[in-house]
Each structure stands twice: as C-alpha cells, then as structure tokens.
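J.: Fold the following for me, if possible:
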Amino acid sequence: MDLALDEAESLEKALDPPPGAAGPGEKARSLWSDAWHQLRRNPVFVFSGLLILFLVVIAIWPQLIASGDPLRCDLSKSQGGSAPGHPFGYDTQGCDVYTRTVYGARASITVGVCATLGAALLGSALGGLAGFFGGWGDALLSRVADIFFGIPVILGGLVFLSVVTSTTVWPVVGFIVLLGWPQLARIARGSVITAKQNDYVQAARALGAGNGRMLLRHVAPNAVAPVIVVATIALGTYIALEATLSFLGVGLRPPTVSWGIDISNAASQIRNAPHMLLYPAGALSLTVLAFIMLGDAVRDALDPKLR
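T.: Model prediction:
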C-alpha cells in the first residue's frame, strides 16, 4: 500500500507543470512576459532597479536632495570636515563634497546611457545585417571588429580625447561608442545566425516572406535578448570607463561636475582629507554595481538554461 502511494505521488509530481509553464485553461506566456514574471520575484533585480531609479531621478533633478551649488566654493573651508548642512565636508577648493557627489551622477549616467544606446543601436544594426545576409559583408564586419578589438581602450582614449577641447559629454560618448559597438555587433551577429536557422524562420521563407519581414518580424525579436543583457552590463562598465578617463584628465573636464574629476582631485590628498575621495568613489562603485547586478538578473530571466 505504501509503495503504491509513493508511486502515485511520484506520478502526480511528474504530471505537474514546471514553474512558468501554462496550466490548463491558462494562456502560455511569451519569453518577455515570462522573463518579467521571473524578474519581479528576483530580489537582486528589485534592489538594483530601485537603486538605478533613484540614481536616474537625482541625475535629472539633483535639486531634490541637494540645494547647494556644486560650483560655489569657499577657500577658507578647504578640506574641511563634516559640518551642519554639509555632511560630506569640503574639497580642496572649498566646494561642498555632498553637492558635487549628487550632481556628479548627472554626467556619469548621461555618458553611460547615451554611450550604451549608441553602441547597442550601431552594433545591433551592423551585426544583425551581417549575420542575416552573410557573405562578404559578414566577413568585412568581422575583420573591422577585430581591428577595433585590438585597440587598447585607455590608450585609445588618451590619444583620441587629448586633442578634443570640448567640455561637454559628447566627445566621451562618441569615443565609447566607437570602441564599444564591435562587442555588441558580435553578440548580435551570433544571435541572428542562431535565430535564422529556426524552423519558424524557414517556414516563413517557404511561404514567400521577404528578407525585411523575416528580419523584423521573426529574427530580430528572438535575437535581441542577448544584446539587451550585454548592453545592460556594459552600461556600468561605460560609467567606470568615463570616470577612468576623467581621472586621467582626458575625459570630462571642469566646469563639468563628474565623479572621475573629483576622484582625481582627491587622490593626492587621500591622507589629509580621505572624505574627498570616499564619497565620490563610493557613489561610482555603487552605481556600477547596480547596473552589473541588473544585467545579471536580466540574463538569468532571459536565459531558460539558467533557471
């Protein structure tokens, strides 16, 4: 009797639908709806998403939590410690470290978002077309990408940005896009090559669908997930790259407020006034970590093999 009961329970468990699968009378979820269902239950995604939302809000409206002027300085308070209304103290020029840390989010996130969008759009378009049509265009793209992969990022930034005199974020964005699109193009190319071999694409081709319809309606929606994952993780990397270039003096330049600039100014005073380095460096690390965590959560949700 016990053996029969165990066999019945085992059979019942085997017949139960797996997590995420549609039950009787339920509509089957698509890849994106299933991914969103998984993401909402992932505490890493919730934490990183809320943190990124907070950073984006203060980047757009820093006045919400910082009422001071990041460019207003008082040399008499140079390297001063925490004071009422100025919890992070003052830097070498007597500027409020708290206000500059808050306003520094704007430049860093602007560079990261714009560079990621530019690299993703350019890389996806070139890589997707090369992977779908193949031929000499595919071979040419692969060789051009190899050339860009061979350029050291920091050395390329020192050479390229040292001749730029603009104090805006766009030269840095353009440089990151220039060196960032090959990675996303290679991801998009491989994903499109895999997607176009699926049966539904071959069926659409047999029914007379043109290349444009197959690429836009069947291939691209099923090949974009890896690009989104890599781009999300790359966003944090691009923010760190901007800070590194600004630290070296070739990225963003004063009067632009940037975490990299503040870290560079504080590096020589780390023994006398460590608070000047601690807060902008901590904000930078927390931002990069948030985007990397978000990318890992999105990757886990979009890849069924990792569930």
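J.: mind listing what residue 154 touches?
T.: Counting by Cβ atoms under 8 Å, 6 or more residues apart in numbering, residue 154 touches 244, 245, 248. To be clear about C-beta, it is placed using only N, CA and C from the backbone, and glycine gets the same treatment.
J.: you'd agree the second one is in a strand?
T.: No: counting by DSSP: H, G, I helix; E, B strand; the rest coil, residue 245 is located in no strand; its state is helix.
J.: Do I have it right that it meets residue 169?
T.: No: using Cβ atoms under 8 Å, residue 245 is not in contact with residue 169, being 11.2 Å away.
J.: list the residues that contact both of these two?
T.: Joint contacts of residue 245 and residue 169 (Cβ under 8 Å, 6+ apart) are residue 252.
J.: quick revisit: of the contacts of residue 154, just the buried ones, PyMOL syntax please.
T.: Selecting only the buried entries of those in PyMOL, with 16 or more other Cβ atoms under 10 Å as the criterion:
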select buried, resi 244+245
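J.: can I get the contacts of residue 154 in TSV with distance to residue 174 and pLDDT?
T.: As requested, those are exported to TSV (distance: Cβ to Cβ, whole Å; pLDDT from 0 to 100):
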residue	distance to residue 174	pLDDT
244	17	93
245	12	93
248	17	90
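J.: And the contacts of residue 154, which is closest to residue 115?
T.: residue 245 (11.5 Å; Cβ to Cβ).
J.: Quick check: residue 285 vs residue 279, distance?
T.: 11 Å (Cβ to Cβ, to the nearest Å).
J.: Which one of those two is surrounded by more residues?
T.: Comparing residue 285 with residue 279 by neighbour count (other Cβ atoms under 10 Å), the higher total belongs to residue 279, at 24 against 13.
J.: Kindly confirm my reading that that one forms part of a strand.
T.: No: per three-state DSSP, residue 279 lies outside any strand segment and is helix.
J.: which residues does it contact?
T.: Here residue 279 is in contact with 88, 97, 98, 101 (Cβ under 8 Å, 6+ apart).
J.: As CSV, these with secondary structure would be great.
T.: Formatted as CSV, those follow (three-state DSSP):
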residue, secondary structure
88, coil
97, helix
98, helix
101, helix
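J.: Throw the residues you listed into a markdown table and include pLDDT, thanks.
T.: Below are the contacts of residue 279 laid out as a markdown table (pLDDT from 0 to 100):
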| residue | pLDDT |
| --- | --- |
| 88 | 91 |
| 97 | 92 |
| 98 | 93 |
| 101 | 94 |
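J.: So residue 38 sits against residue 46, correct?
T.: No: applying Cβ under 8 Å, one finds residue 38 not in contact with residue 46, separated by 11.8 Å.
J.: Quick one: list the elements packing against the helix or strand encompassing residue 123.
T.: Residue 123 is part of helix 97-133, with elements assigned from DSSP states H and E. The contact analysis (3 or more Cβ pairs under 8 Å, 6 or more residues apart in numbering; DSSP states H and E) places helix 97-133 against helix 43-60, helix 135-149, helix 170-195, helix 225-247, helix 259-267, helix 275-302.
J.: so the last one versus helix 43-60, what angle?
T.: It refers to helix 275-302. If you take axes from the mean of the first three to the mean of the last three Cα atoms, to 10 degrees, helix 275-302 sits at 130 degrees to helix 43-60.
J.: And the average pLDDT for helix 275-302 is what?
T.: Mean pLDDT, helix 275-302: 90.
J.: quick one: it to helix 225-247, angle?
T.: Using the same axes, to 10 degrees: helix 275-302 against helix 225-247 is 170 degrees.
J.: Helix 275-302 versus helix 259-267: what angle between them?
T.: Going by the same axes, to 10 degrees, helix 275-302 makes 140 degrees with helix 259-267.
J.: Assign a three-state SS to the residue nearest to residue 71 when sequence neighbours are not counted, would you?
T.: Residue nearest to residue 71 in three dimensions, not counting chain neighbours: residue 255, with 5.9 Å by Cβ to Cβ, 6 or more residues apart in numbering. Recorded secondary structure, residue 255: coil (three-state DSSP).
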